[in-house]
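In: give me coordinates for this.
(one chain, ligands or ions: 1)
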Amino acid sequence: MAQVKICGLSQPAHVAAAVEAGARYLGFVFFAESPRAVTPGRARALGAEVPPGVARVGLFVDPDDALLQAVLAEAHLDLIQLHGAESPGRVADVKALTGLPVMKAVGLSAPEDLPALTDYGLVADLLLVDAKPPKDAVLPGGNGLAFDWRLLTGRRWLRPWLLAGGLTPANVAEAIRLTGARGVDVSSGVETAPGVKDSGMIRDFIAAAS
Ligand SMILES: O=C(O)c1ccccc1NCC(=O)[C@H](O)[C@H](O)COP(=O)(O)O
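Out: Prediction:
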C-alpha cells in the first residue's frame, strides 16, 4: 500500500475519515490565498486527536521566519511542506529554524525540471513530485493538474518521495503502477468544490491507493 497524504484539510469529519481510512499524512495549508487555508488555532484543534504514526504537515509557500515561528507556537506540526520557490539553502534554513523535517515540493512539466529533484534531495527529508502550475495560476499547488507520469520512469532520487498532481480515486492506482510511487498526495481530487473535501472520496482514494 502506498502511504497517503490528504492535503488541505479544514474540517474534523474529514480528518477523522482520513485517519480511519489509513492516511499517513494530514496536510494543513498556511497560505492565505488558498480556499483550504486554516489558522494555526484551527490546525491545532484538527490535529489534537491524531494518533501516533500519522504526521501533521504544515504547508507553506515561501514563508518568512516570523510566519513559521507564529504557526509553530500554536499548531503542533510534525513535518513542514515547502510549496513555493524556496531555494535549497532556504530549505536547510527552515529545517534548522523549526527543528522539523522538511518536504520540498518540486513541479514537473518537462525533462528539464527533473534535476531540481536531485538538488533538493541533498537537503530535504522528503520530496513531493507535483505538476508544475500554469503561469497564471493563483496557487502553486492544489490545482488538480497532472503531469506526464512517464517522466518518472526509471528515476531514483536521494530521498523518499510522494507523487502529487491531479490524482483522484479513479486514477491513483494506475499512477502508482506507472511510477512506482510509494507515497501519494491529493487535495482537489477528493473535493466536490475548491476547498470542500468529501469523506467518501477520501475513503475511496485511500482504498484505491492500497
Ligand atoms: O492545496 C492548496 O490550496 C495549496 C495552496 C498552495 C500551495 C500548495 C497547495 N497544495 C499543494 C498540495 O500539497 C496538493 O496536495 C498537491 O499540489 C496536489 O494537489 P491536487 O492536484 O489538487 O491534488
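In: got the buried residues for stretch 187-194?
Out: For stretch 187-194, a neighbour-count test (16 or more other CB atoms under 10 Å) marks 187-191 as buried. C-beta: built from backbone N, CA, C; applies to glycine.
In: where does the residue in the chain that the ligand sits nearest to fall, phi/psi-wise?
Out: Ranking the residues of the chain by distance to the ligand (CB to the nearest ligand atom) places Gly142 first, at 2.4 Å. Main-chain torsions, Gly142, degrees, to the nearest 10: phi 70, psi 30.
In: again, but for Ala208
Out: phi -70, psi -30.
In: what is the neighbour count of it?
Out: 20 (other CB atoms under 10 Å).
In: and what of Gln69?
Out: 12.
In: any idea which helix or strand comes after whichever strand or helix holds Thr192?
Out: Following DSSP states H and E, one finds Thr192 within strand 191-193. Scanning forward in sequence from strand 191-193 by DSSP H and E, the next helix or strand is strand 196-197.
In: which residues sit against stretch 101-115?
Out: Here stretch 101-115 makes contact (CB atoms under 8 Å, 6 or more residues apart in numbering) with 57, 78-83, 86, 91, 94-95, 116-117, 120, 123-133, 140-141, 147-148, 151, 155, 162, 164.
In: residues of it that come out buried?
Out: Neighbour-count burial for stretch 101-115 [16+ other CB under 10 Å]: 102-108.
In: so which of the residues you listed are in strands?
Out: 102-108 (DSSP state E).
In: about what we covered before: put together TSV for the buried residues of stretch 187-194, with distance to Phe205 and pLDDT on each row.
Out: Below are the buried residues of stretch 187-194 laid out as TSV (distance: CB to CB, whole Å; pLDDT from 0 to 100):
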residue	distance to Phe205	pLDDT
Ser187	11	98
Ser188	11	97
Gly189	7	98
Val190	5	98
Glu191	11	98
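In: of those, which are in range of the ligand?
Out: Among these, the residues that sit close to the ligand (CB under 6 Å from any ligand atom) are 187-189.
In: would you list those in a markdown table and tack on secondary structure and distance to Phe28?
Out: Below are these laid out as a markdown table (DSSP: H, G, I helix; E, B strand; the rest coil; distance: CB to CB, whole Å):
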| residue | secondary structure | distance to Phe28 |
| --- | --- | --- |
| Ser187 | coil | 11 |
| Ser188 | helix | 16 |
| Gly189 | helix | 18 |
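In: no more questions from me, cheers.
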